[in-house]
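Could you work out the structure for the sequence below:
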Amino acid sequence: MKHPWSIGALLVWGWVFLSPPALAEITRCDELAAHPEDPDRVSAGRATADIDLAEARRTCEQDLAASPQNARLRYQLSRVLFYAGEHGDAMTQMRQAADGGHRQAQFVYGVFVVRQRPHAPADICVAEHYWRLSALAGREAAPVNYVLQHLRGSFDACEVKPARAELMRWLEAAQAQAPEGYPGYYQRLLIEDLLQRLAAA
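Numbers count the residues shown, from 1 in each chain. You can find the predicted model right below:
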């Protein structure tokens, strides 16, 4: 039976219900390896250059062993593994985090596929799938990248084809998340351009 909710409705509900828990436990892995742009991080996050890869890997593996269903920790471990050059293990952990519902992992895994990082799947429809999940969960970068590839025809052969109106709602939701003033200027400019291109398509 087809679910009566539209993709747009799921996007709105996803923004409400898939937000990070306000009182999530902060682990040492979070402190050492959280990404500054991960909307579900529970600590400040660290730039790549500020991560002690050996300590972060050891700590994240320990914390994940204690909480194996924690997709946030799995994503952070995958981040550390990728920076350490362990691309095969990083890709495995990233996909597991994405399958566990972590919207940042879903977005990044799609980027890996599109950019054909080592050990990433060659099928661009894999990126379509995970970016769609990430967009529905409210990761604002996902719809921007999704629509850009959609307009390029990259997803033409993929099974799922969201309607143009749905894509526009995704972008409008992302636009609402852009920072005010100059910090979000180029983000809003890109989204406005994509909205115009979608409307003219």
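
Can you show me the CA trace of the longest helix anywhere in the chain as CSV?
Using DSSP state H, we find that the single longest helix of the chain is helix 185-200. Extracted C-alpha coordinates of helix 185-200, given in CSV (Å, rounded to 0.1, in the frame of the first residue of the first chain):
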residue,chain,number,x,y,z
TYR,A,185,25.0,35.1,1.1
TYR,A,186,26.5,32.6,-1.4
GLN,A,187,24.4,29.7,-0.1
ARG,A,188,21.2,31.7,-0.6
LEU,A,189,22.5,32.9,-4.0
LEU,A,190,23.1,29.3,-5.2
ILE,A,191,19.7,28.2,-3.9
GLU,A,192,17.9,31.1,-5.7
ASP,A,193,19.7,30.1,-8.9
LEU,A,194,18.7,26.5,-8.6
LEU,A,195,15.1,27.5,-7.9
GLN,A,196,15.0,29.6,-11.0
ARG,A,197,16.5,26.8,-13.1
LEU,A,198,14.0,24.3,-11.7
ALA,A,199,11.1,26.7,-12.4
ALA,A,200,12.3,27.1,-16.0
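
so where is this structure shaky, pLDDT-wise?
Along the chain, the parts satisfying pLDDT under 70 run over 1-23.

Can you show me the helices along it?
Going by DSSP H, the chain shows helices at 7-17, 28-33, 53-66, 71-83, 87-99, 103-114, 124-136, 141-151, 164-177, 185-200.

Minimum distance to S43: which of these has it?
helix 28-33 (4.4 Å; Cβ to Cβ). Just so you know, the C-beta spots here come from the backbone N, C-alpha and C atoms, and that holds for glycine as well.

So which bits of that closest one are buried?
Neighbour-count burial for helix 28-33 flags C29, D30, L32, A33 (criterion: 16 or more other Cβ atoms under 10 Å).

cool, stretch 144-163 as well?
Applying 16+ other Cβ under 10 Å to stretch 144-163 flags V144, N145, Y146, V147, Q149, H150, S154, F155, C158, P162 as buried.

again, but for stretch 96-112
Under 16+ other Cβ under 10 Å, the buried positions of stretch 96-112 are 96-98, 100, 102-112.

swap in stretch 178-197?
So, applying 16+ other Cβ under 10 Å, buried residues of stretch 178-197: A178, Q187, L190, I191, L194, L195.

show me what contacts M94?
For M94, the contact set (Cβ atoms under 8 Å, 6 or more residues apart in numbering) comprises Y75, S78, F82, A105, V108, Y109, F112.

With E31 as the reference, measure out to the fourth one.
The one in question is A105. Distance of A105 to E31, given as Cβ to Cβ, to the nearest Å: 19 Å.
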